[in-house]
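> only geometry, no sequence info:
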């Protein structure tokens, strides 16, 4: 029968076909064996399993997997033009960058786009993608191949064959990867000769090692946990008698097809990584989205088989970001790296790095016309051991210590190269650091030797000089004031204080808050207060803030990217009063939903501890209590009580019986602290401050335990506003 991918047809030899419920593209109906086979291509990583006992060195094992996967990609790129999408590019960015592929023999590395193609005479192409091989992805590959003169094409996808089957409603069980085989036939058709070679394979390109204990799942940067407002959207598609009462009632099969596919892809990728690590994990969840993901991983058929042979026990705790949005937008953290990520612009195409202006290290004048002439620097320095060590130190240190560490490395490098550096003690200033940097400018060899160090230094200098940097303390002061106000009064009083700083564009100066920053403060307020009563006073306070926001939005001369996504308008001239009013109403509907995010919880219901008062005299201040801190303190309690809000997700009948018997027999109920390795997966992103809190708590409460943090991206406050107010969480773009 004929099979189509992305609108083109292949004369397949296979006799099974099915149609996706959300796509008219017809695909092969095949299935792979459910019995997992140990992946020989990565077995060298596990040659010394003893080094992983008691969780020791597990961070280096994760890093090793990320590197080794890209080594397998490198085996395919000799004399090839490489086309790569952003999800895979960000993973590569943190393990070696483009030089890794060029050193392996790649001719060129290009963006995965229909506007790219190979040059005449270039016979080989390698496509590295993080998506399903159908829909838009298949169309782009077709466009590139048909515009080129390739004779050999290799497609490497981060999505397993099993997920390709799921995405096409396949339940049949066959052993061969027939979806990949038939896509290989399509490649030959597009190349114009069936005697040419088309090869398709899967590699688990999932994680990017930010530091040895933090890993980002780069292809899932837009994935975010449910916001209470999503319940209404889910129920809109259900009959009245089958509507869910809360997000806790929502199950995997009731989700839209796109989200089901994305979750299945994430679960499959995690299973591949855990298989390479030979893990035997128990899954726990905090929050409705995490419950679905953890449940899918616990009951994933291939994961069940893997756990039968896993050697190293671990606990995996999934946590919903929505439960603590205050922590994701707060400015409590005393971290230089966090301030860099918040201040400098994003590196093009990447979610977890910034671009550093390197013009000052050249003879080019630094102005708006020249800022894009010189390739930007970045924070990731995987190929320079000294710079990599500095990056990890900056990540783990407090702000002042990190700035001094940058200066120390700079002085040592200058002394090593016999540069005429003048040492000065005391406070480190951006002017001082910049004067040291200028010493490297005149010697190209020296500049090349210390390029990584200079990028990190320039990032520090540009952050300390930036106009937004001075706002950090303002944010922190306002957040502390909000906590004290909440301690003494109620939400309407807090909103009244906020009202005074909402100004339209024409009345703002450089230190005033813009519209996006006001949204950040609103998210902080509504998340930290939790459930609050809705009365006339609250309505009046909200109405005043809505009017101020509406006036400010309508006064914006240029819409930022976030405001464009929220309003659906590409320019201020398209924004009407009705559109602006609808957007403001939707914002407050979402904010009110956020206050209910922890309504179902018993242990983690509040995010701040009220101050203490004696005879009308305050003896302690109200303090913000991050959710991750509360979770870890509960996990590491010596008396090991039942973790009410940390739900154990059963992976089968044995575990279910074990959990049930524990209610009336002396059977140990699974607990997250049972094993020497704890993996925390924050669904929706994590901040630098939270990673540092986790690291410090482990050192304090259980230094013998190793904790690995996984998350979908490194968050900044503006990322959070985009993910909450301008992101279709229920219908992610999976390319089909």
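Structure received. It should be emphasised that the depicted structure is a prediction, and the values quoted were computed from it without experimental measurement. Numbers count the residues shown, from 1 in each chain.

> how far does stretch 324-338 stretch from start to finish?
18 Å (Cα to Cα, to the nearest Å).

> Could you tell me how far that stretch lies from the centre of the chain?
16 Å (Cα atoms, centre = their mean, to the nearest Å).

> Let the chain start at 13 from now.
That works, and once the first residue is 13, the last one we named lands at stretch 336-350.

> tell me the mean pLDDT for it?
Average pLDDT, stretch 336-350: 91.

> repeat for stretch 284-299
What stretch 284-299 shows for mean pLDDT is 95.

> for stretch 741-748, same thing?
90.

> Straight-line length of it, end to end?
Taking Cα to Cα as the measure, stretch 741-748 stretches 16 Å from start to finish.

> Kindly report the same for stretch 516-525.
Start and end residues of stretch 516-525 are separated by 10 Å (Cα to Cα).

> which ones are touching the closest residue to residue 319 other than its chain neighbours?
In this structure, residue 319 finds its nearest non-sequential neighbour in residue 292, 4.8 Å apart by Cβ to Cβ, 6 or more residues apart in numbering. Placement of C-beta: from N, CA and C, glycine included. Each residue near residue 292 by Cβ atoms under 8 Å, 6 or more residues apart in numbering is listed here: 318, 319, 322, 323, 324, 325, 326.

> any idea which helix or strand carries the last one?
Residue 326 belongs to strand 324-332 when elements are defined using DSSP states H and E.

> distance between that strand and the chain's centre?
Distance, centroid of strand 324-332 to centroid of chain: 17 Å (Cα atoms, centre = their mean).

> So in that sheet, which strands flank it, and in what orientation?
Strand 324-332 has its sheet partners listed here by DSSP bridges as strand 291-298 (parallel), strand 689-695 (parallel).

> quick one on the thing from earlier: which one (most neighbours) among the contacts of residue 292?
residue 326 (23 neighbours; other Cβ atoms under 10 Å).

> quick one: it and residue 689, what's the gap?
Using Cβ to Cβ, to the nearest Å, residue 326 is found at 4 Å from residue 689.

> can you check residue 234 too?
Distance from residue 234 to residue 689, by Cβ to Cβ: 28 Å.

> Next: residue 507.
44 Å.

> burial count for residue 174?
Here the number of neighbours of residue 174 (other Cβ under 10 Å) works out to 25.

> What's the mean pLDDT across the helix or strand hosting it?
Assigned by DSSP H and E, residue 174 belongs to helix 173-179. Averaged over helix 173-179, pLDDT sits at 91.

> Likewise for stretch 312-324?
In this model, stretch 312-324 carries a mean pLDDT of 92.

> Now do it: distance to the chain's middle.
That offset, for stretch 312-324, works out to 26 Å (Cα atoms, centre = their mean).

> low pLDDT regions in the protein?
13-68, 184-187, 499-500, 623-632, 663-679 (pLDDT under 70).

> The same query, at a cut-off of 80, please.
Applying pLDDT under 80 to the chain picks out residues 13-69, 182-188, 345, 377-384, 434-438, 498-502, 544-546, 622-634, 662-680.

> For residue 576, grab phi and psi.
Recorded main-chain torsions at residue 576 are phi -60, psi -40, according to degrees, to the nearest 10.

> Quick one: residues contacting it.
Residues in contact with residue 576 (Cβ under 8 Å, 6+ apart) are residue 582.

> Same question for the one 10 residues further on.
Shown in contact with residue 586 (Cβ under 8 Å, 6+ apart): no residues.

> Angles on the backbone of it, please.
Residue torsions, per degrees, to the nearest 10, at residue 586 are phi -80, psi -10.
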